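Undergrad: starting from these lines, generate the structure:
(chains A and B)
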Amino acid sequence: MPFPFQAEKNPQENRRIALICAKGGLDECYPVLIMANAARMVGIDTSIFFTFYGLDVVTESRVDHLYVNMVGNPASPIPPMLAGLPGMESLGAHFMAKKMTELDLPGPREMIRILHDSGTRMYGCELAMKMFGRTEKDLLPEVEAVITATDFFEKTVGADIIFV
Amino acid sequence: MDTENVDLQRRLEAIDRKLDLVIERQRFVEDLIAEMTPVVREVIKSGSSQLASMEERGWFRFGGELLAALDQVVATTSPEDVRELATHIGPLVSTLRRVSDPEILDLANEATDIVTHADEVRPVGMMGMVRAGTEADVQRGMGVALEVLRHLGRHHASAPRTPAPPAPPAAPPAPTAAPKATPAPAPAVKLSPQPAPSLETVTWEGRAFTAEGFLLDPSTWDEDLARKMADGVGIALTDDHWQVIRWIRADYASTGASPNVRRVASGSGVGTKRMYELFPKTPGKTAAMLSGVPKPVGCV
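TA: Residues are numbered from 1 along each chain as shown, chains lettered A, B, ... in the order given. Prediction:
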């Protein structure tokens, strides 16, 4: 008798998701990266489109300096009066990074590498590149290509679109 | 001869007396009949009129229907049901007695009064409800209602879960748990079937597996089993696979937890990319499965 499990098709076999990362905060990009990784781990075809400030997450010079914006975030532990003080975003990022390390979560740079290795396709937004004056050389090598939004939708036919 | 005559004479006299008696009785009976006839007639008349009025009021139809209903009940009730009912009759009676308590009946009457005069009550929206919440009477009522709900919840939690029995004889509430007043509307407690953590196990190759295919007892694993499992999931084990599997076994032995993909990829030295090649689609799950350790938790 053969092993009676996983003999049938993976239930996620035909699933595809397309995540759009449009924000560049540490707390704003983590959900995208973690969700994408989790999707890959269960065998879902996954693509990520980095656009606007989300481009920072795949920009070589910025990826290690992503911050947590405390202003306008009612869930932050910092009182709104103090949230706008200089250095607060850096402080927030510091505490979040510390917590992530405790939880054995890799930083954004390593997450991007893991995602690439797991087969997630990552794209930069052409328009955002022009807007911020960046070239492909500024991006992490894990980014597959710089494409337009139209291209992205064409590449992810049938996928669930998740805008973060 | 004389003596014979005398004897005959005496006998005749006796007969005569008896005849008199008979006649007397006959007359008495006749009198009685004459006297009783109107009475009996009256009785019959009133009796039949009574029956007619009973008929008019539907007694016989009711009786007939009742018999039919009883017949139905008997036909559909098995002796087991009756026995079941008998065991519940005690608590049922005590519940009935409680329900027929004058105080409760008064309350029920008031409630029905309110319902019959429902059109005089103004509709209340969200704000109205909030406003009513400040009234002392409403607050008291809410307290009682909450108490009833609390008991219901407690009862529900303690009741044994039987997955949809064919005819559940509703267990009467324990007398001590019965709330004093029951004006609260019975909440529609929806018994949604809870997707309980799958406890069912599957036996294969003489070992127990979870429904997803993870070995229940990691100590029962051996390399031969891994090979057979790999065959089943369509993986031909190479040295790299074994490197990963042995590392996972060692890591599980030292930490007591299944490592996630990232940990396996860096710990075993094969890297994330190779992990997805070695164990396609679901590297974390498949590698853990073949290593005979539980399904890894976490999302990295």
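Undergrad: for the closest residue to chain A within chain B, which non-adjacent residue is spatially closest?
TA: Chain A sits closest to B:G232 of chain B, with a gap of 2.2 Å, by C-beta to the nearest C-beta. From N, CA and C alone the C-beta is placed, and that goes for glycine too. Sequence neighbours aside, A:F3 is the residue nearest to B:G232 in space, at 2.2 Å (criterion: C-beta to C-beta, 6 or more residues apart in numbering or on different chains).
Undergrad: ok but that neighbour is inside a helix, no?
TA: No - A:F3: not assigned to a helix; according to DSSP: H, G, I helix; E, B strand; the rest coil it is coil.
Undergrad: wait, isn't it in contact with B:R227?
TA: No - the criterion here is C-beta atoms under 8 Å, and A:F3 misses it with B:R227 at 10.3 Å.
Undergrad: settle it for me: which of the two has more neighbours?
TA: The neighbour comparison of A:F3 against B:R227 (other C-beta atoms under 10 Å in any protein chain shown) goes to A:F3, with 20 against 15.
Undergrad: list the residues that contact the residue nearest to B:G232.
TA: Shown in contact with A:F3 (C-beta atoms under 8 Å, 6 or more residues apart in numbering or on different chains): B:204, B:213, B:228-229, B:231-233.
Undergrad: tell me the buried residues within those.
TA: The neighbour-count test (16 or more other C-beta atoms under 10 Å in any protein chain shown) applied to the contacts of A:F3 identifies B:204, B:213, B:228-229, B:232-233 as buried.
Undergrad: inside strands: which ones of those residues?
TA: Judged by DSSP state E, strands contain the following of the buried ones among the contacts of A:F3: B:W204.
Undergrad: pLDDT added to the buried ones among the contacts of A:F3, as CSV?
TA: Shown next, in CSV, are the buried ones among the contacts of A:F3 (pLDDT from 0 to 100):
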residue, pLDDT
B:W204, 82
B:G213, 84
B:K228, 87
B:M229, 87
B:G232, 83
B:V233, 84
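Undergrad: from the buried ones among the contacts of A:F3, which is closest to B:M142?
TA: Minimum distance to B:M142 across the buried ones among the contacts of A:F3 is 51.0 Å, recorded for B:G213 (C-beta to C-beta).
Undergrad: next up, the contacts around residue 139.
TA: If you meant another chain, say so; for now it's chain A. For A:L139, the contacting residues are A:58-60, A:124, A:146, by C-beta under 8 Å, 6+ apart.
Undergrad: chain B was what I was after
TA: B:G133.
Undergrad: mind putting the contacts of A:L139 into TSV with distance to chain B and pLDDT?
TA: Formatted as TSV, the contacts of A:L139 follow (distance: C-beta to the nearest C-beta, whole Å; pLDDT from 0 to 100):
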residue	distance to chain B	pLDDT
A:V58	17	94
A:T59	22	94
A:E60	20	93
A:G124	21	96
A:V146	23	95
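Undergrad: out of the residues you listed, which are buried?
TA: Buried members of those, counted by 16+ other C-beta under 10 Å: A:58-59, A:124, A:146.
Undergrad: right, and the residue of chain B closest to chain A touches A:P4 too?
TA: Yes - counting by C-beta under 8 Å, A:P4 is a contact partner of B:G232 at 7.3 Å.
Undergrad: A:I114 should be in a helix, yeah?
TA: Yes - assigned with three-state DSSP, A:I114 falls within a helix.
Undergrad: just the closest residue of chain A to chain B, please.
TA: Across chain A, no residue is closer to chain B than A:F3, which sits at 2.2 Å (C-beta to the nearest C-beta).
Undergrad: the longest helix along chain B - what's its average pLDDT?
TA: Of all segments of type helix in chain B, defined using DSSP state H, the longest is helix B:2-57. Helix B:2-57 carries an average pLDDT of 84.
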